[in-house]
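Engineer: Give me a 3D structure for the following:
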Amino acid sequence: MPPVKRLAETVGSDAVRRFGIGDVVLWAFSLALVCSVQATALYIATTQSQPTEVTGAPPPAIMIELAEMAMAPQVEDIAVDDGELSLPPESAASEPSPAQDLPDETEPPPEVETLPEPEPLPEPEAVEEPEPLPEQEPEPSEMEEVEEPPPEVAPAETAEVAIPMPVSLPAEITEARRQFAQQQQREREERERAQQAAQQAAASQQTAPRSVQAEQSPQMAAPQQTTTTQRTPTISPQQWQSQVLGMIERAKRYPQDAQRRREEGTIRVKFVIDRSGTVLSASILQSSGHAALDEAARELINRLPKLPPPPATITANPISLEVAVNFNLR
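Structural biologist: Numbers count the residues shown, from 1 in each chain. Take a look at the predicted model:
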């Protein structure tokens, strides 16, 4: 009876029927897997058993066979009796010398080729130096220097000079100047008349006797005193000072150069006058620091030979008067 039928009888017909193609494939795959695992293990075992070469080990030794060198034969010591020192000539002649028997195995040294000596070079022939050529004189046209044209000179620019224009003065200043000039003219005429009168009086005094001169002197002094008293104004000192300052202000001249340079300053001037207002002396007590303004102050002193006579309340004679002369652009 086949084993399948026997198994079917044992297990049952239903179990045999369930054992189909899928079970066969599963068992075949398992068998293949087991075989591959065993083959892999066998391969690993065989590869690990082979000895691996050690890297970096010294190379194996090389054996070289050399030719045998000729050695002299050993000489045996033979005991010879006394009287038998010499060998028979035949035996001596028959025995070859060891030096003759040895072949000349040494190679002769190679012949050195001798190079021929180089031939001496021929001496260079002396080269004759050429005779110097005579110097050629330059032609007169070349020696003449070429005259260079004179450089053009640019015309000098004319400097523009600012010419001060005449300044028109106000009518008040012009009128004050005219009055001051008339006053100076009158004073000049009075001085001339006084000098003429003094000269005439001196001439008459020289001719008249002393007694007459003594009598006339009080009479002449009285009119002079009366004249001085009549000229003395009846004003206050403050008014007189205002008149003096007004006259100085009218006579003052502001230099145009100082105005362009914007120079300003104050100069203190001292006047010494007598009872009639005549200027006996004048001087600058304090400078302004500008030469042009100081010079204008000196010209002012020269233009004022006489000031208004002081009032009777001022009894000093002579009278010192200090005035501040201001130069301001305002």
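Engineer: the domain parsing of this protein - what is it?
Structural biologist: Taking automatic domain parsing as the criterion, the chain consists of the domains 1-31, 173-231, 233-330.
Engineer: quick one: average pLDDT of the lengthiest helix in the chain?
Structural biologist: Counting by DSSP state H, the longest helix found in the chain is helix 171-207. Mean pLDDT, helix 171-207: 78.
Engineer: which helices and strands sit right next to it?
Structural biologist: The elements that helix 171-207 packs onto, with contact taken as 3 or more Cβ pairs under 8 Å, 6 or more residues apart in numbering; DSSP states H and E, are helix 237-251. For every residue, glycine as well, the C-beta is placed using N, CA and C.
Engineer: Show me what the helix it packs on is in contact with.
Structural biologist: 173, 176-177, 180, 233, 235, 300, 303-304, 307-308, 310-311, 313-314, 321, 323, 325 (Cβ atoms under 8 Å, 6 or more residues apart in numbering).
Engineer: any idea of the angle it forms with helix 171-207?
Structural biologist: 110 degrees (axes from the mean of the first three to the mean of the last three Cα atoms, to 10 degrees).
Engineer: buried sites along helix 237-251?
Structural biologist: 240, 243, 244, 247, 248, 250, 251 (16 or more other Cβ atoms under 10 Å).
Engineer: gap between the second one and residue 271?
Structural biologist: Noted for residue 243: a distance of 13 Å to residue 271, by Cβ to Cβ, to the nearest Å.
Engineer: again with the fifth one
Structural biologist: With the distance defined as Cβ to Cβ, residue 248 ends up 9 Å from residue 271.
Engineer: Need the residues touching each of those two.
Structural biologist: With Cβ under 8 Å, 6+ apart as the test, residue 248 and residue 271 both reach 304, 323.
Engineer: shaky segments in the stretch 1-150 of the chain?
Structural biologist: Along the stretch 1-150 of the chain, segments meeting pLDDT under 70 span 1-19, 49-150.
Engineer: got a list of contacts for stretch 309-329?
Structural biologist: 231-237, 239-240, 244-245, 248, 252, 254, 258-259, 262-277, 280, 285, 288, 293, 296-297, 300, 307.
Engineer: So which of the residues you listed sit within helices?
Structural biologist: 231, 237, 239-240, 244-245, 248, 258-259, 293, 296-297, 300.
Engineer: quick one: which of the buried residues of helix 237-251 is nearest to residue 184?
Structural biologist: Within those, distances to residue 184 taken as Cβ to Cβ reach their minimum at residue 251, with 9.8 Å.
Engineer: confidence score at that closest one?
Structural biologist: 87.
Engineer: Check residue 220 too.
Structural biologist: Value for residue 220, per-residue pLDDT: 48.
Engineer: what do you get for the one 3 residues further on?
Structural biologist: According to the predicted model, the pLDDT of residue 223 comes to 44.
Engineer: swap in the one 4 residues further on?
Structural biologist: Listed pLDDT for residue 227 reads 44.
Engineer: circling back: buried subset of the contacts of stretch 309-329?
Structural biologist: Buried, going by 16+ other Cβ under 10 Å: 232, 235, 240, 244, 248, 252, 258, 263-265, 267, 269, 271, 273, 275-277, 288, 293, 296-297, 300, 307, out of the contacts of stretch 309-329.
Engineer: Quick one: neighbours of residue 28, just the number.
Structural biologist: Neighbour count of residue 28, defined by other Cβ atoms under 10 Å: 10.
Engineer: what helix or strand is it on?
Structural biologist: helix 21-49 (DSSP states H and E).
Engineer: How much space separates residue 184 from residue 296?
Structural biologist: 19 Å.
Engineer: How about residue 27?
Structural biologist: 148 Å.
Engineer: what does residue 246 give?
Structural biologist: For residue 246, the distance to residue 296 - Cβ to Cβ - is 18 Å.
Engineer: Let me know the closest of the buried residues of helix 237-251 to residue 45.
Structural biologist: For the buried residues of helix 237-251, the nearest to residue 45 is residue 248 (145.5 Å; Cβ to Cβ).
Engineer: tell me the pLDDT at that closest one?
Structural biologist: So, for residue 248, pLDDT stands at 88.
Engineer: picking up where we left off before, and the buried ones among the contacts of helix 237-251, selectable in ChimeraX?
Structural biologist: Restricted to buried positions by 16+ other Cβ under 10 Å, the ChimeraX selection for these reads:
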select :176,235,300,304,307,308,310,311,321,323,325
